[in-house]
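**Q** structure, please.
(chains A and B)
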Amino acid sequence: MKYVLMYTNRPDLDEAVPKERIEQVYGEIFAWFEKNAAVLTDAGAELQDVSTATTVKSGDNQPVVVDGPFNEAKEVVGGFSVIDVPDLDAAIELVKTWPSLDFPGVAIEIRPIVDHSGG
Amino acid sequence: MIDAVASDAALERVVRHETAHLVATLHRILGDLDVAEEAVAEAVVEALNAWRRDGIPDQPGGWLLTAARHNALDRLRRESRYREKLALLAGGTAETAPEPADGQDERLALIFGCCHPALARPAQLALTLRAVVGLTTAEIARAFFTLEPTIAQRIVRAKRKIVQAGIPVRIPGAEELPARLDSVLTVVYLAYNEAYLATGGPDASRRDLADDAIWLAGVVSTSLPREPEALGLLALLRLHHARASARFDGAGHLILLADQDRTAWDGEAIRTAIDLLERAATMRRPGRYQLQAAIAACHAEARDWAATDWLQILTLYDLLLRLDPSPVVRLNRAIALAQFDGPARALAELDTLIEPLRNYHLLHATRAQLLRGLGRGHEARAADATALALTGNVAERHLLTERLRS
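**A** Numbers count the residues shown, from 1 in each chain, chains lettered A, B, ... in the order given. Take a look at the predicted model:
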């Protein structure tokens, strides 16, 4: 089954993490992607800071363009990947090994992808 | 003509015995838990109607399987993948379905699927009671004082998530087992608690959810004989149940443990429950349920309230607090402390719990008892009044109202 992993964090809590630890975790994340290449259908992307986000919403007559993310939540999406694993337990097991999961406010959402094949 | 009540109890036993096997069998054949569960749930409702009218057939399991297969066919006809699945369903004969390969009780896999942590607790509870125990949606709604459409929607959503999110219906591996088993045991415990609290309520005709929960605990502990907490939970529920009939007087009014007629307790059930607990203890992996069962065993073995071994109970609560430092456990420990050491220190402990437990009626009712013991009658009445305002349970309301009247 295919799932999208959405890597989320809390920018307000990230400051508490020491610089050296952040640099170290980047290395670990790189290794994580290499190690799990077989199940990563699409490694996805790391996103620029949430302050760079622009949102287009439905308006009264026409779409409205606004500065900022789509919601007001403290949690922001920092990146995403697509994985293909047998079931949700396999997805959970994989996600539990995500290197920055011990950072405060880090959470990963697992969402199954809609299967349009009809199978 | 069999009398209606006995016949209903027999129906429940048959349904409870067959449901999980049928759901697991159809799930194995079709690979679709939603269709399997729905087909069996419909068959259960049909069976309850037909058997009440005609009596229980000689082979109730075969009857239910045939009805469930018909229902599954009806459902599959509405699906695009009808032909493919029809072939699967035609594979098994009517009375016998292929057995699972590894010989393990496949009901356990179903229980683990229903109690998967990716489902919210209320969904785990409702789905387990329907897919494993065979309660109808109406029975679950009654047990939880919830509207039937709410329960129905909860079950539909849970099954949809199992299918769409790829939640596996299987027994987890050794590494995941402790955490996953804890989730299963919590669901069984909550089912029993709900039954325990609702007893004596206005609806005396409701199905005995306590029996269902004990049966479920039995299935889990029999399938996992090396898991002491599963045995501990079974022992705990049986110990509570052995004393259940003494909790109410003839008029349905609640009798507190201190005042219960202990000769009405089921001595044989208490002994077998303590045997279970001793078997669990030999595995040397203590846990929440074993400790709670050990506390219940102390009460069950005491000749009367005064002869209770309060020091032993306090010691067990201290051990329990290390595993579960929750305010409710601290409240229960304070009740034991009051018996061992008088009301003053227990009241001081309770006062630290007012904030976390301010909406829990038993905190206020317990405070009232301690305040009365200290001669502070005015404050005791205020605490009883707060407790009364916080509980909807008929028997508890009656007890508190009587206290306020005296």
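
**Q** by mean pLDDT, flag the weakest helix or strand of chain A.
**A** helix A:11-14 (a mean of 89; mean pLDDT, DSSP states H and E).

**Q** quick check: buried residues in the helix or strand following that helix?
**A** Once helix A:11-14 ends, the next helix or strand along the chain (criterion: DSSP states H and E) is helix A:19-35. Residues of helix A:19-35 classed as buried: A:V25, A:I29, A:W32 (neighbour count, 16 or more other CB atoms under 10 Å in any protein chain shown). Backbone N, C-alpha and C define where each C-beta goes, glycine included.

**Q** the second one: what's it in contact with?
**A** Counting by CB atoms under 8 Å, 6 or more residues apart in numbering or on different chains, A:I29 makes contact with A:W98, A:P99, A:S100.

**Q** which one of those is nearest chain B?
**A** For the contacts of A:I29, the closest approach to chain B (CB to the nearest CB) belongs to A:W98, at 17.0 Å.

**Q** count of neighbours near the closest residue to that closest one other than its chain neighbours?
**A** For A:W98, ignoring the flanking residues on the chain, the nearest one in space by CB to CB, 6 or more residues apart in numbering or on different chains is A:I108 at 5.9 Å. By other CB atoms under 10 Å in any protein chain shown, 20 other residues sit near A:I108.

**Q** now do the contacts for A:I108.
**A** Each residue near A:I108 by CB under 8 Å, 6+ apart is listed here: A:L5, A:M6, A:Y7, A:T8, A:V95, A:W98, A:L101.

**Q** which residues are in contact with A:T41?
**A** A:T41 makes contact with A:K2, A:V82, A:I83, A:D84, according to CB under 8 Å, 6+ apart.

**Q** next, count neighbours for the residue nearest to the first one when sequence neighbours are not counted.
**A** Same thing as A:K2. Distance criterion CB to CB, 6+ apart; nearest residue to A:K2, sequence neighbours excluded, is A:I113 at 4.3 Å. Counted by other CB under 10 Å, the residues lying close to A:I113 total 14.

**Q** around chain B, pick out the residues from chain A.
**A** A:M1, A:Y3, A:P86, A:D87, A:L88, A:D89, A:A91, A:I92, A:I110, A:P112, A:G118, A:G119 (CB under 8 Å from any CB of the partner chain).

**Q** okay, who's weakest in the residues you listed by pLDDT?
**A** Of all the residues of chain A next to chain B, A:G119 has the smallest pLDDT value, namely 48.

**Q** still on that earlier bit, which one of the residues of chain A next to chain B sits closest to B:L314?
**A** The shortest gap between B:L314 and any of the residues of chain A next to chain B belongs to A:I92, at 39.9 Å (CB to CB).

**Q** quick one: that closest one and A:I110 touch, right?
**A** Yes: using CB atoms under 8 Å, A:I92 makes contact with A:I110 at a distance of 7.0 Å.

**Q** mind checking how far B:V45 is from B:V133?
**A** 14 Å (CB to CB, to the nearest Å).

**Q** confirm A:I83 sits in a strand?
**A** Yes: per DSSP: H, G, I helix; E, B strand; the rest coil, A:I83 lies within a strand segment.

**Q** list the contacts for it?
**A** A:K2, A:Y3, A:L5, A:N36, A:V39, A:L40, A:T41, A:A91, A:L94.

**Q** count of neighbours near the last one?
**A** Okay, so that is A:L94. With neighbours defined by other CB under 10 Å, the count for A:L94 comes to 20.

**Q** now do the SS call for it.
**A** At A:L94, secondary structure determined by three-state DSSP is helix.

**Q** low-confidence ranges in chain A?
**A** For chain A, the stretches with pLDDT under 70 are A:118-119.

**Q** picking up where we left off before, quick one: which of the contacts of A:T41 is nearest B:L363?
**A** Nearest to B:L363, judged by CB to CB, of the contacts of A:T41 is A:I83 at 46.8 Å.

**Q** B:A210: helix or strand, and which one exactly?
**A** Judged by DSSP H and E, B:A210 forms part of helix B:209-223.

**Q** would you map out the domains in chain B?
**A** B:4-91, B:326-406 (automatic domain parsing).

**Q** so which of these gets nearest chain A?
**A** Of all these, domain B:4-91 comes closest under CB to the nearest CB, at 6.4 Å.

**Q** CA-only coordinates of the least confident helix or strand of chain A in PDB, if you can.
**A** The C-alpha trace of helix A:11-14 is given here as PDB (Å, rounded to 0.1, in the frame of the first residue of the first chain):
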ATOM      1  CA  PRO A  11       8.900  26.200  14.600                       C
ATOM      2  CA  ASP A  12       8.400  27.700  18.000                       C
ATOM      3  CA  LEU A  13       9.900  24.600  19.700                       C
ATOM      4  CA  ASP A  14      12.700  24.100  17.200                       C
END
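
**Q** list the contacts of it.
**A** By CB under 8 Å, 6+ apart, helix A:11-14 touches A:D49, A:V50, A:K74, A:V76, A:F103, A:P104, A:G105.

**Q** and the residues you listed, which are buried?
**A** Buried among the contacts of helix A:11-14 by 16+ other CB under 10 Å: A:V76, A:F103, A:G105.

**Q** grab the nearest non-local neighbour of the second one.
**A** If I follow you right, that is A:F103. Per CB to CB, 6+ apart, closest to A:F103 is A:V17, 5.4 Å.

**Q** count of residues packed around that neighbour?
**A** Neighbour tally, A:V17, other CB under 10 Å: 17.

**Q** ok, back up a step: so how far is chain B from the residue nearest to A:W98?
**A** With distances taken as CB to the nearest CB, to the nearest Å, A:I108 is found 13 Å from chain B.

**Q** check which helix or strand that residue maps to.
**A** Assigned by DSSP H and E, A:I108 belongs to strand A:107-112.

**Q** contacts only, for A:P86.
**A** For A:P86, the contact set (CB under 8 Å, 6+ apart) comprises A:M1, B:G166, B:P168.

**Q** B:G375: which of those is nearest?
**A** Nearest to B:G375 among the contacts of A:P86, counting by CB to CB, is B:P168 at 60.4 Å.
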